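Undergrad: after the sequence you'll find the predicted model.
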Amino acid sequence: MKKFILKTIAFAFFLLMTVNTFKLFFPYWWGNRHFHAKMEELGNTTENYNTFFLGSSRVFRHIDPEIFDGIVNRNLPVKIKSYNLGSPGTYNPETYYLFDNFIKATPKRPLNIFLELQKMDRMVNFAARNSRRRYWVNFNEYLFCLQWYTNDNTLHPDQRKRDIKRYSAAFIENMLGIGELSDLLSHADDDDGFGIGKNGYYALEDEENDFKGEEIIKRRTDFAADRSMVKRRRHTLRRLFKKIKPDTSCNDAHINRINKIIEFGKNNNINIYFLLIPPGEVDQDLLRTFYNIPEEHRLEFVDPNKYPRFYREKYYFDKYHFVKKGARHFTILLAQKSLKILSSTMAKNVAYAK
Amino acid sequence: MVFNSLEFALFLPIVFIFYWFFVNNHLKQQNFLLIVASYFFYGWWDWRFLALIFASSIFDFSIGLWLHGTKKQGRRKFLLLSSLLFNLGILGFFKYYNFFSGSLVEAAAVIGITIHKTTLDIILPVGISFYTFQTLSYTIDIYRSKLEPTKDVIAFFAFVSFFPQLVAGPIERAGNLLPQFLSARKFTYEKAKDGMQQILWGLFKKVFVADTCAKSVDFIFENYEGLSGPTLFVGIVFFAFQIYCDFSGYSDIAIGTARLFGFNLMRNFAYPYFSRDMAEFWRRWHISLSTWFRDYVYIPLGGNRCSKLDRIRNIIITFTLSGFWHGANWTFVFWGFLNGLYYIPLMLSNRQKAHTEIIAPNRKLPTPNELFQMTTTFFLTLLAWTFFRAESLSQAFGYLTGIFTHGAMNPFDELSQNSNDIANGFVAIFSLVIIEWIQRKHQHGLELESIPIYLRWGAYLVLSLIILNFFGEETTFIYFQF
């Protein structure tokens, strides 16, 4: 019996080591093809940029670095050169995973990093069991997810149980490399060049014109057929901003992680900013978290009372993304608001930047 | 719970540890643990149908004791009939009710009578055909005085619900499996190791070969009307390997799992596609079901000991019933009937036992004649599989006609979006055939005792990596629906 159990454990360990050693030969972003395309474009030129935006497609489609740089560079002592690292389907905590690894792998520390503040990825597409949804679920991220769910008191216990189960399965599957080996080998083939040559920004209209893809056309036509969601979202957010006051407590696991990121930034002369980007996929939990972030590290653009223009139907390409015009307005506003914070914080960084 | 799931990967070691470490010295406790584990395993899918297994177990356990306790032939017949009616009644209701009511309506319509069709929204309980046949064998064998009934109710319940083979066989005979629940099981390293090897081999067949082929098969059968002959041919070849690897893979995992708990289940598949005629094929395919029908249908009908005409009738009835066992659809009935037709010439020429040994036992390659025989047999099975896979008889005939009339195109060009699946399917089938040919004298593809340990571990590692890589969405086994 002892011999059988020992040999079985030894084989399982051997298998686990083989899979995970194999994975070490691939970049940390291997499961995210859009991020891959951007990192390929950046190549050895990462040092040419000193400001990065990280997050989901809301970052990818709504922040145009050229406009941003043009505005902030008029009034800053240090020339800003920014790059949009946003990629579709990238949610919390994948964004934090990418941030941690990006910082580790970047030889020269950037000056500014803007991170989209996001809700926890509930893994609703988990059934698809693809590498994209779980390539980043390593032990640290899994632990963070467990802490997050343990600390969250807004979820129904059944939902919490289901989500924890999904993350546990994702972690085990990721450790065992289930369904991942051929994806690892072919991940570089998926480089479809989204956003290349535009500092990581790519408007949905441009993609529609360049590729004429069925899916993107459908997104636009579906939205054109029913635009009511914009109005509903505006009402929901109005109520939410009225209801949640800035002095409320939030999920400890999430805010602790954010504080660690800010602390890390301070220790390494990186200015970290957390953004709430329109159209707001914001719930109570996220808004509470936002209010607990130190003011000098947060920027909010989703409150319909303050930013009614972001809830105009004409600004939308589909349910969740702006057209170029909306993206332009948002980028300008982001640059203007950032400028205030940047000018005060960056004065301290001038020496470092030079 | 399915074998190819993370849940089962957790469930199995937990039961194993409890079984060998906590209740090791108590036979009754071990059996009781197996009942709890088996009910949990089955209830994971749908706990409501546990009542059926429970009812079937308690009914046949009681019938067994009553049968043994009475000498009156009339009463014995009544008890046997009760068992048959009860078990087949449940099976008939859940599996065949809608089929029979639908067929009745159609038949009445032909002669001009309109009957209002009432179909029920019935869920088919997983594995009902398997455990029903297993419990039936128990009462029939007691009736025939071939078996003594057990008085150990826990052992009997464990026998009926034994989780490795509960939902898709092998359909065990009480004479083989029940005594194993009544005597102490001893852990042996060799048996457990062999069990693990067979589980790995079963997973390889299911996850790599069957599931890879399934992707192309599903697409081709759904769109057969617009696809060319060669693509349709590829579709049916892939299905032949899908069904084989899906079902034999399940059997391998079941047999291997049972070995981990000290049990020996009967062999269910013995390299059927290396058969040289259809009689040999049926001795190598789904052995537990073929022998069940032989012992409980064919022989009681008269078997071989009657006139030629009666033998033909017996063959046709047995094969057609076997087809009907698979599902409530005329396609399965026709599939069984067709296999009966294949068998008749062999029986009439008394050549049904011409090939009892595995092909080329002392040679590396088959002779040209053997190759021809194997290919012919394989083509005959392909023809039959088309009916097995099709949704209706008209689809099956349309599909077969399409192979010859839909023109010729390269399947890789025609299915360019699925070309990776097709390429993977060919690689999977090729790997399987090569390994099975090399290992054809062994019980399963991973019986590798004669090679050095580092090569053995290398083989396990490669297979495990392939399984992990192709382990996509959990897919159920085709035979769950039967």
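TA: Everything's here; your move.
Undergrad: name the residue most distant from the centre of chain B?
TA: What lies farthest from the middle of chain B is residue B:112; by CA atoms, centre = their mean that is 40.3 Å.
Undergrad: verify the contact between residue A:92 and residue A:115 for me.
TA: No - judged on CB atoms under 8 Å, residue A:92 makes no contact with residue A:115 at a distance of 9.4 Å. Bear in mind the C-beta positions are built from the backbone N, C-alpha and C, glycine included.
Undergrad: find the nearest non-adjacent residue to the residue of the stretch 151-300 of chain A found nearest chain B, please.
TA: As assessed by CB to the nearest CB, chain B sits closest to residue A:181 within the stretch 151-300 of chain A, at 4.0 Å. Nearest residue to residue A:181 in three dimensions, chain neighbours excluded: residue B:469, at 4.0 Å (CB to CB, 6 or more residues apart in numbering or on different chains).
Undergrad: okay, now the residue of the stretch 151-300 of chain A closest to chain B: neighbour count?
TA: 18 (other CB atoms under 10 Å in any protein chain shown).
Undergrad: which stretches of the chain have low pLDDT?
TA: Let's take chain A. By pLDDT under 70, the low-scoring segments of chain A are A:125-129, A:187-196, A:346-354.
Undergrad: my question was about chain B, not that one.
TA: In chain B, residues with pLDDT under 70: B:117-122, B:472-482.
Undergrad: for the closest residue to residue B:443 other than its chain neighbours, give me its contacts.
TA: Excluding its sequence neighbours, the residue lying closest to residue B:443 (CB to CB, 6+ apart) is residue B:267, at 6.6 Å. With contacts defined as CB atoms under 8 Å, 6 or more residues apart in numbering or on different chains, the neighbours of residue B:267 are B:170, B:255, B:287, B:443.
Undergrad: where does residue A:83 sit: helix, strand or coil?
TA: Recorded secondary structure, residue A:83: strand (DSSP: H, G, I helix; E, B strand; the rest coil).
Undergrad: can you tell me how far it is from chain B?
TA: 34 Å (CB to the nearest CB, to the nearest Å).
Undergrad: residue B:6 contacts residue A:173, doesn't it?
TA: Yes - taking contacts as CB under 8 Å, residue B:6 lies within contact range of residue A:173: 7.3 Å.
Undergrad: who has more neighbours out of the two?
TA: Neighbours per residue (other CB under 10 Å) separate residue B:6 from residue A:173, with residue A:173 holding more: 21 against 15.
Undergrad: can you pull the contacts of the more buried one?
TA: Applying CB under 8 Å, 6+ apart, the residues near residue A:173 are A:129, A:134, A:179, A:180, B:6.
Undergrad: what number of residues lie near residue A:229?
TA: 15.
Undergrad: which one is it nearest to, not counting chain neighbours?
TA: residue A:319 (5.3 Å).
Undergrad: now do the one you found against chain B, distance only.
TA: 27 Å.
Undergrad: hang on, isn't that residue packed against residue A:225?
TA: No - using CB under 8 Å, residue A:319 is not in contact with residue A:225; the gap is 11.3 Å.
Undergrad: okay, strands next: where are they in chain A?
TA: Per DSSP state E, chain A carries strands over the ranges A:51-54, A:82-84, A:112-116, A:271-276, A:298-300.
Undergrad: can you list those in TSV and add mean neighbour count and distance to residue B:50?
TA: Below are the strands of chain A laid out as TSV (neighbours: other CB atoms under 10 Å in any protein chain shown; distance: least, CB to CB, whole Å):
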stretch	mean neighbour count	distance to residue B:50
strand A:51-54	25	51
strand A:82-84	26	56
strand A:112-116	23	48
strand A:271-276	23	50
strand A:298-300	21	54
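Undergrad: can you tell which of those strands is closest to residue B:153?
TA: Among the strands of chain A, strand A:112-116 comes nearest to residue B:153, with 62.7 Å by CB to CB.
Undergrad: what strands line up against that closest one, and which way round?
TA: strand A:51-54 (parallel), strand A:271-276 (parallel) (DSSP bridges).
Undergrad: can you list those in JSON lines and add distance to residue B:100?
TA: Converted to JSON lines, the strands paired with strand A:112-116 look like this (distance: least, CB to CB, whole Å):
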{"stretch": "strand A:51-54", "distance to residue B:100": "63"}
{"stretch": "strand A:271-276", "distance to residue B:100": "62"}
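Undergrad: around chain A, pick out the residues from chain B.
TA: B:6, B:20, B:187, B:189, B:192-193, B:196, B:457, B:460-461, B:464-465, B:468-473 (CB under 8 Å from any CB of the partner chain).
Undergrad: please flag which of these sit within helices.
TA: B:6, B:189, B:192-193, B:196, B:457, B:460-461, B:464-465, B:468-470 (DSSP state H).
Undergrad: for residue B:205, which non-adjacent residue is closest in space?
TA: residue B:249 (3.5 Å).
Undergrad: pick out the residue of chain B closest to chain A.
TA: Counting by CB to the nearest CB, chain B gets nearest chain A through residue B:469, at 4.0 Å.
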